[in-house]
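Engineer: sharing a model prediction with you, sequence too.
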Amino acid sequence: MKTYAICVLGNSHTAALKRAWEKYAPAVAEGVSLTFFAAANAQLESLAFRDGMLVPLNSEIEAKLRLTSGGKNRIEIARYDAFILVSLGFGINVTKLCGDLGIAEHLKWGTAEHLLSRACFTAVIEAFLERCMAVQMTDRIRAISDGPVLVCPTPFLPESAARVLEMSEDPRFGNPGFLASTVALCREAAATLMARHRAEVVWQDDSTLARPGLTKPEFSINAARLNTENESPGEDERHMNENYGHLVLMRAFERLDALSGGRVLAAARADHRLRAVMA
C-alpha cells in the first residue's frame, strides 16, 4: 500500500481544520495520513530549523507540538509528502493592507491618500505578505522537500466586521465593488508571491463568502480554538468553526489529489469530482 503523509502546520486557525478532520472523517484514499502541528504565531517563532527538521527551542512550543500532533515534538520535513500551511500571518485584510492606498481605477469609489500605479500597488501587497511566517516556513520546507506546499490564508473577517468597514472614514470600504476589485488584486499578488517560493495559495471556498473580503457569520459561530475546551462560544471575530475547516480541507485535498495523480481522495470522491468537472 502506498502511503501519502501530509503535514498540516499553522497557527490557531488550524483548529478549524483539525476539528473537521476529526468530526467529519473526510473520504481520503487508503494510506493518506494527516499530522497537525499548531500553536500561536508567537510560539511558532521558537521553532528552529536544524538538520532538516523544525525543532522547539523551549518547553512551551514543544508541549503544543505534542498536543496537536498526538505526541510528536518535532517536524521531520523529509517524512512528509505534502504540506498544508494554515494562516501563519498570510491573508488579506483590505483595511490593513490598503487603508490609505489606491489606484486610478478605484477613484470612482473615492480618493486615497496615496495614489499608486497598479504595479506599485501590487508590489506593496507582495512586500507586506513576504514578511509572513508562511513564507519563512515555505522556504524551510523547500530546503529539504520538493513536495507540494499549499498555503491556506487567514480567513476573511466575518460579515459582522462589516460595521468596522462601514464606520470607516474612508467610504470605499463600504462599497462591494471596491472590495471585490481590491480583494482580486490582493489575491493576484499573493498567488504571484507564493509561486516564486514554489507554493500555491488555496483560498477559502466561495460558499463561505458573504461578500468580497468577508465571511458568512455562521462560519464563526462556536469557532474552534487551540485551548482545552477547543471552542469559543458565540461568534468569534477572528476564528472559524469546523464547517469552515471542512470546506478548506477539502479544497486542499482536491488540489493535492490533482498534483499527486489521484493519491489523496478516495476513489468515489475523486470520481464524483471528475463527473462534476465534465458535466
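Structural biologist: Ah, there it is. Residues are numbered from 1 along each chain as shown.
Engineer: show me the shaky parts of the stretch 51-200 of the chain.
Structural biologist: Per-residue confidence for the stretch 51-200 of the chain (pLDDT under 70) gives these ranges: 161-170.
Engineer: list of residues touching stretch 67-76?
Structural biologist: The contact list for stretch 67-76 (CB atoms under 8 Å, 6 or more residues apart in numbering) reads 7, 9, 14, 18, 35-39, 47, 52-56, 62, 65-66, 226. For the C-beta atoms, the positions are set from N, CA and C on the backbone; glycine is no exception.
Engineer: oh, I was asking about stretch 124-137
Structural biologist: If you take CB under 8 Å, 6+ apart as the criterion, stretch 124-137 is touched by 9, 11, 41, 44-45, 54, 85, 87-90, 97-98, 101, 116, 151, 185-186, 189-190, 192-194, 197.
Engineer: any of the contacts of stretch 67-76 buried? List them.
Structural biologist: Listed as buried from the contacts of stretch 67-76 are 7, 9, 14, 18, 35-39, 47, 53-56, 62, 65, 226; burial here means 16 or more other CB atoms under 10 Å.
Engineer: list the contacts of the closest residue to residue 205 other than its chain neighbours.
Structural biologist: Computed as CB to CB, 6 or more residues apart in numbering, the closest residue to residue 205 that is not its neighbour in sequence is residue 247, at 4.3 Å. Residue 247 makes contact with 204, 205, 207, 208 under the criterion CB under 8 Å, 6+ apart.
Engineer: in a helix, residue 247, correct?
Structural biologist: Yes: assignment of residue 247 by DSSP: H, G, I helix; E, B strand; the rest coil places it within a helix.
Engineer: from residue 155, how far off is it?
Structural biologist: Distance, residue 247 to residue 155, using CB to CB, to the nearest Å: 11 Å.
Engineer: check residue 104 too.
Structural biologist: From residue 104 to residue 155 the distance is 30 Å (CB to CB).
Engineer: now the helices: where do they sit in the stretch 51-200 of the chain?
Structural biologist: In the stretch 51-200 of the chain, the helices defined using DSSP state H, counting those that start in this stretch lie at 59-69, 94-98, 118-130, 133-142, 162-166, 176-196.
Engineer: so which of those is the most packed in?
Structural biologist: helix 133-142 (a mean of 21; mean count of other CB atoms under 10 Å).
Engineer: got the CA positions of that helix in CSV?
Structural biologist: Provided in CSV are the C-alpha atoms of helix 133-142 (Å, rounded to 0.1, in the frame of the first residue of the first chain):
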residue,chain,number,x,y,z
MET,A,133,5.7,33.3,8.7
ALA,A,134,4.0,31.3,6.0
VAL,A,135,6.8,32.4,3.6
GLN,A,136,9.5,31.6,6.0
MET,A,137,8.1,28.1,6.7
THR,A,138,7.8,27.5,2.9
ASP,A,139,11.4,28.3,2.4
ARG,A,140,12.5,26.0,5.2
ILE,A,141,10.4,23.2,3.7
ARG,A,142,11.8,23.9,0.2
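Engineer: need the overlap of contacts for residue 247 and residue 155.
Structural biologist: Common neighbours of residue 247 and residue 155 are listed as 204, 208 (criterion: CB under 8 Å, 6+ apart).
Engineer: closest to residue 25 among the contacts of residue 247?
Structural biologist: residue 205 (19.0 Å; CB to CB).
Engineer: any idea of the pLDDT on that closest one?
Structural biologist: Residue 205 carries a pLDDT value of 93.
Engineer: if we ignore the residues flanking it in sequence, what's nearest residue 177?
Structural biologist: Using CB to CB, 6+ apart and skipping residues adjacent in sequence, the residue nearest residue 177 is residue 109, 6.3 Å away.
Engineer: so what's that neighbour up against?
Structural biologist: By CB under 8 Å, 6+ apart, residue 109 lies in contact with 171, 172, 175, 177, 178.
Engineer: perfect, I'm done here.
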